[in-house]
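Trainee: turn this into a model:
(chains A, B and C)
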Amino acid sequence: MATKASRSAARLMMAPAVILLLGWMLVPLIMTLWFSFRVYLPLRGGDQGWAGFSNYTRFVTSSAFWPSIQTTLIIVLGVLAITVIFGILIALLLDQPIWGQGVVRILVIAPFFVMPTVSALVWKNMFMDPVNGLFAHLWRFFGAEPVSWLSDASMPSIIMIVSWQWLPFATLILLTAVQSLDSEQLEAAEMDGAPWIKRFWFIILPHLSRAITIVILIQTIFLLAIFAEIFVTTGGAFGTRTLSYLIFQRVLESQNVGLGSAGGVYAIILANIIAIFLMRIVGKNLD
Amino acid sequence: MARSVTPRRKLLNTTVAWAIGLLIFFPILWTILTSFKSEAEAIAAPPIFLGFDWTLENYRIVMERSDYGRFLWNSIIIAGLSTILGCIIAVPAAWSMAFVPSKRTKDILLWMLSTKMLPAVGVLYPIYLLFIKMGLLDSRAGLVVVLMLINLPIIVWMLYTYFKEIPGEILEAARMDGATLRQELIYVLTPMAIPGIASTLLLNFILAWNEAFWTLNLTAVNAAPLTAFIASYSSPEGLFFAKLSAASTMAIAPILILGWFSQKQLVRGLTFGAVK
Amino acid sequence: MSLKSTLRAATALSLITAGSAFADAHSATITIATVNNGDMIRMQGYTDQFTEATGIAVEWVTLEENVLRQRVTTDITTNGGQFDIMTIGMYETPIWGANDWLVPLDDLSAEYDAGDILPAMAGGLSHDGTLYAAPFYGESSMIMYRTDLMEAAGLEMPAAPSWSFIAKAAREMTDRDNDINGICLRGKAGWGEGGAFITAMSNSFGARWFDEDWNAQFDTREWSDTLNFYKNMMDDSGPSGFATNGFNENLSLFNQGKCGMWIDATVAASFVTGADSTVADSVGFALAPDNGLGKRSNWLWAWALAIPAGTQQVDEAKQFIEWATGTGYIEQVAANEGWANVPPGARTSLYENPNYQAVPFAQMTLDSILSADPTDSTVDPSPYVGIQFAAIPEFAGIATEVSQEFSAAYAGQQSIEEALEKAQAITNEAMEAAGYR
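Mentor: Here you go, the predicted model:
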């Protein structure tokens, strides 16, 4: 149905966005690639010449590399699991008739508006502080020894903080999906005597699959890059060094831009592997 | 799929829903409460929930120490303009993808999303050097452009999913009546897409407001938004929970209020095409 | 509001702000990046007087320490020119000075009297004998302890105690039922936090970071002794979660009366005896402990103001530095807020002032500063300058990672042997990458 004219008009309309993003992708990418092959040490006078692949081998053979990949994946998967599972449950609950639904919805989505830095600071100091934190008071109230959350349970703590921030997003998208569910179909199933779990498994979940995919895709994009939460809470200690935090340490703390850039290239490769993987699924689900 | 239920069931649902809602909201509530305490009360054991001497002292200190108005204004300008600029660029792109799809449309869309996966820390030096060359350091214009580019993929994608839901027959009818492309865009599509555009604007305003890496690293004085404001209150010497709470409350209050007032629009549009 | 009117309003408003910026342009404005420490915040309150006197307006960029480091380092290495004055420490100054990134402060006015700066501070803030940053305040580290708890334990703190005495006193003072920890020390990861403490402590145990050929020394018995001693003492008498405690956390604990002893920066003395402290009346001071090997475990540090070479406003910046780090400012603070609150540790004349000598921690602070020598900090010879750090560009990165391994060991997530093995590997790896070995 599209005419030739509208096709070229369409191309024209797409051009600004595509060109801008191409620039935004290519310029830093090329600069990163360039730096990754240089010995670039800002504190030793900058560019010191050609490095060959030494930055790449050094980054990947460093004892911190594989643990950082593992940490990244655990955080991403952990947060995804928590937000999707609780997101579905809360969405189903909010879909039920309840008093004050609007207010509850406001309460549930509120964390989404909080800056990552602020939420990390608040959780770290006012809740997880082993002496003055609210959790410590609570633990003592029940006669237990307060937990040093950010050292003894560092990963669960960070996953919890990040999940708190992203749960509203997942809940909202899943809620709109739940609300569009055809209730007749459910009622019919109920009349046929299908138990709750079966109705959930065979009717609700398939209906939500598209929304779940979207949640996973969008959140993964943001979660692969989380930085502020780790910077504020543990500074990468206690096994919480993600790949992007490791790059930060190489670039800014060790002031080795070449090495960090090589890490950046690895991060791009990792992100693209995950992206291709995700998009296979999403692509199927998008049609 | 909402159905009628027995009052007892409704009461149970209500109780559970409120309990969960309050639990999720509690950290924010606690921050707000703490901001009205004295530093000593903020760390009192056992913690005081409401029965403390309410004081505005922390807000006074924060206002005295930092030019809150300037940080706030920068946040509004940077988040606002980057979102508007993003929409201006994204609407035509999303429109053409939705209504004149080619076999590469989906690839382009997914490629756009993949540009978001470039780790920001890895390109800090390249971008910083670039900004120096272009004289954009500590300028609102520079940040507006960067945040616009960061969020552009999300904007395009969100808009694309809305536009796709607009039935094609209406467009064809408009074309039959002799509407030009421009008219079609302005009089037919835009009104139908308003809810979608509104929620896109909102979501991206929130994302731009909360962006804390570039806004912190590319600014000093003139363009520093609230993310930089909060960086001067994290972990100073001495007792600081109450002051930190006051600063945090001031940093998140504007966006929280905006979010609450506009949550209907946000919710209506935040589907990413998840509903079919 | 339509899009058009929004844009118009935004343009109008930005014009207004641009207009006011233009109005300011007649008189100079300098931009200062600084850390959010108490003394710096206090100084910001006095800048109006500087502006009044000189007509130079001051814009502050106040950031938390880690963010500040990240921000100023990026700016100085790329010559970004965002700041006219940067607040930096003893670690950065000689390195940046050697790179010609800082304006030499060798022509300060006669009234300023640069010769009055404590020699230890001036030495640490110089490169090749040229001063590159003026100390706003300086510090060493010392023991702060609760005289009441010490007495209750039936002990008496010597003026220069040994580590074995400290460990014994810590165990005796610990009272878990009343939430009193015998000793609070930094364990938090980060080269300027727990890393600084353990490095300074290791000096007194005869350890060092590098031998004279820049080989890492974490495989030595001295390091393992240091860490084992630290961990045993902290497990027995330290607060729970000490592996995440830094200066700030310990200050808060001490002020709440939860620490018997605390070994940390001498500037903390004015806080623990100040209004925020619940134990202000019963604090004593002593030199940081030693082990009989001739080196004590105190460090030397200064927060100093430096002018990046890229600035256009060198004269204005120098004027500010003279104002902020000169004796006039000290007198002003003393007059308004008492001698205990003046920025300490920077000037000889302050310690000769009888008013300041009456402050309870003045003498101990001076003694601690005087007993620290960055050029000779280790028992065995070492190739680096610095006590709690080695003044080479790679140190901050290496030491942060090493201290993360240590903190994991403090928290019991790995053994001390494992932590030291990893520290050894990390350090040698990084030194190789930097071309030392």
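Trainee: okay, CA-based contacts and neighbour counts for the rest of this
Mentor: Noted.
Trainee: tell me the residues of the stretch 1-150 of chain C that contact chain A?
Mentor: Contact residues, the stretch 1-150 of chain C versus chain A (Cα under 8 Å from any Cα of the partner chain): C:70, C:73-74, C:77-78, C:95-96, C:99.
Trainee: turn the residues you listed into JSON lines, including pLDDT.
Mentor: Listed next are these as JSON lines, based on pLDDT from 0 to 100:
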{"residue": "C:Gln70", "pLDDT": "87"}
{"residue": "C:Thr73", "pLDDT": "91"}
{"residue": "C:Thr74", "pLDDT": "90"}
{"residue": "C:Thr77", "pLDDT": "90"}
{"residue": "C:Thr78", "pLDDT": "89"}
{"residue": "C:Ile95", "pLDDT": "93"}
{"residue": "C:Trp96", "pLDDT": "94"}
{"residue": "C:Asn99", "pLDDT": "91"}
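Trainee: these two touch, right, C:Tyr410 and C:Ala243?
Mentor: Yes. If you go by Cα atoms under 8 Å, C:Tyr410 and C:Ala243 touch, sitting 5.6 Å apart.
Trainee: report the central residue of chain C.
Mentor: Geometric centre of chain C, nearest residue: C:Trp301, 5.2 Å, by Cα atoms, centre = their mean.
Trainee: per-residue pLDDT of C:Phe285, please?
Mentor: C:Phe285 carries a pLDDT value of 96.
Trainee: and it, how far from B:Gly178?
Mentor: Per Cα to Cα, to the nearest Å, C:Phe285 is found 90 Å from B:Gly178.
Trainee: can you check B:Pro27 too?
Mentor: 57 Å.
Trainee: the residue of the stretch 151-276 of chain B found nearest chain C: what's it in contact with?
Mentor: With Cα to the nearest Cα as the measure, B:Ser232 is the residue of the stretch 151-276 of chain B nearest to chain C, at 4.2 Å. By Cα atoms under 8 Å, 6 or more residues apart in numbering or on different chains, the residues touching B:Ser232 are C:35-36, C:62-64.
Trainee: kindly report the same for A:Ile212.
Mentor: By Cα under 8 Å, 6+ apart, A:Ile212 lies in contact with A:84, A:174.
Trainee: and the pLDDT for the residue nearest to the centre of chain C?
Mentor: Reported pLDDT for C:Trp301: 96.
Trainee: name the helix or strand for it, please.
Mentor: strand C:300-306 (DSSP states H and E).
Trainee: what about stretch C:264-271, how long is it end to end?
Mentor: Stretch C:264-271 has an end-to-end distance of 12 Å (criterion: Cα to Cα).
Trainee: contacts made by it with the rest, please.
Mentor: Contacts with stretch C:264-271, where a contact means Cα under 8 Å, 6+ apart, come from B:238, C:138-144, C:185, C:197, C:247, C:251, C:277, C:340-341, C:344, C:361, C:365.
Trainee: element containing the one residue in the stretch 1-150 of chain A that gets nearest to chain B?
Mentor: Residue of the stretch 1-150 of chain A nearest chain B, by Cα to the nearest Cα: A:Met14 (3.9 Å). Here A:Met14 sits within helix A:4-36, counting by DSSP H and E.
Trainee: counting by contacts, list what that helix packs against.
Mentor: Under the contact criterion of 3 or more Cα pairs under 8 Å, 6 or more residues apart in numbering or on different chains; DSSP states H and E, helix A:4-36 touches helix A:257-286, helix B:68-99, helix B:124-134, helix B:140-165.
Trainee: make JSON lines out of these and add distance to C:Val385 and mean pLDDT.
Mentor: JSON lines is the format used below for the helices and strands packed on helix A:4-36 (distance: least, Cα to Cα, whole Å; pLDDT from 0 to 100):
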{"stretch": "helix A:257-286", "distance to C:Val385": "25", "mean pLDDT": "82"}
{"stretch": "helix B:68-99", "distance to C:Val385": "41", "mean pLDDT": "92"}
{"stretch": "helix B:124-134", "distance to C:Val385": "29", "mean pLDDT": "89"}
{"stretch": "helix B:140-165", "distance to C:Val385": "40", "mean pLDDT": "90"}
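Trainee: and of the ones you listed, who's closest to chain C?
Mentor: Evaluated with Cα to the nearest Cα, these place helix B:124-134 nearest to chain C, the distance being 6.0 Å.
Trainee: which residues touch the following helix or strand past the helix holding A:Met14?
Mentor: Following helix A:4-36 in sequence order, the next helix or strand is strand A:38-41 (DSSP H and E). Outside strand A:38-41, the residues that touch it by Cα under 8 Å, 6+ apart are A:46-52, A:55, A:255-259.
Trainee: strand A:38-41 pairs with which strands?
Mentor: Strand A:38-41 sits in its sheet next to strand A:46-50 (antiparallel), going by DSSP bridges.
Trainee: buried sites along the strand it pairs with?
Mentor: By neighbour count on 16 or more other Cα atoms under 10 Å in any protein chain shown, the buried set for strand A:46-50 is A:Gly46.
Trainee: mind checking the SS state of A:Gly236?
Mentor: With DSSP: H, G, I helix; E, B strand; the rest coil as the basis, A:Gly236 sits in coil.
Trainee: if we can go back for a sec, TSV for the helices and strands packed on helix A:4-36, including distance to C:Gln424 and mean neighbour count?
Mentor: Output for those, formatted as TSV (distance: least, Cα to Cα, whole Å; neighbours: other Cα atoms under 10 Å in any protein chain shown):
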stretch	distance to C:Gln424	mean neighbour count
helix A:257-286	20	20
helix B:68-99	45	22
helix B:124-134	29	18
helix B:140-165	40	23
